[in-house]
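Peer 1: Provided below for reference: sequence and predicted model.
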Amino acid sequence: MDRHVGHDWLERGEAECRAAVAADGGNVKARYRLAQTLAALGPARLGEAVAAAEAARAALTKSAPAAQRNGVEDL
């Protein structure tokens, strides 16, 4: 199966998340979704997924809602 056929929607999601992060570097949700998307793209993207998860954790503030803190900490 062609990689692009099965992952096209994930690659679009990656582009959207990256655009959201570029527009607002403090957008924790976009960083979180980017980490999830990269992980879903497979083992070749796992290093990027880990880096995105670490960036999401670093962007968290103490005033973030508990659900957001818990979700990001679970990455």
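Peer 2: Okay, I see it. Residues are numbered from 1 along each chain as shown.
Peer 1: For the residue nearest the centre of the chain, give me the pLDDT.
Peer 2: Geometric centre of the chain, nearest residue: Leu34, 1.8 Å, by CA atoms, centre = their mean. Looking at Leu34, its pLDDT is 96.
Peer 1: Now name the helix or strand holding it.
Peer 2: helix 28-40 (DSSP states H and E).
Peer 1: neighbouring contacts of that helix?
Peer 2: Outside helix 28-40, the residues that touch it by CB atoms under 8 Å, 6 or more residues apart in numbering are 10, 13-14, 17-18, 20-21, 24, 45-46, 48-50, 52-53, 55-56, 59-60, 64, 68, 71-72, 75. The way it works is simple: take the backbone N, C-alpha and C, and place the C-beta from them, glycine included.
Peer 1: where in this structure is pLDDT low?
Peer 2: 1-6, 74-75 (pLDDT under 70).
Peer 1: which of the contacts of helix 28-40 are buried?
Peer 2: 10, 13-14, 17, 20-21, 45, 48-49, 52-53, 55-56, 59-60, 71-72, 75 (16 or more other CB atoms under 10 Å).
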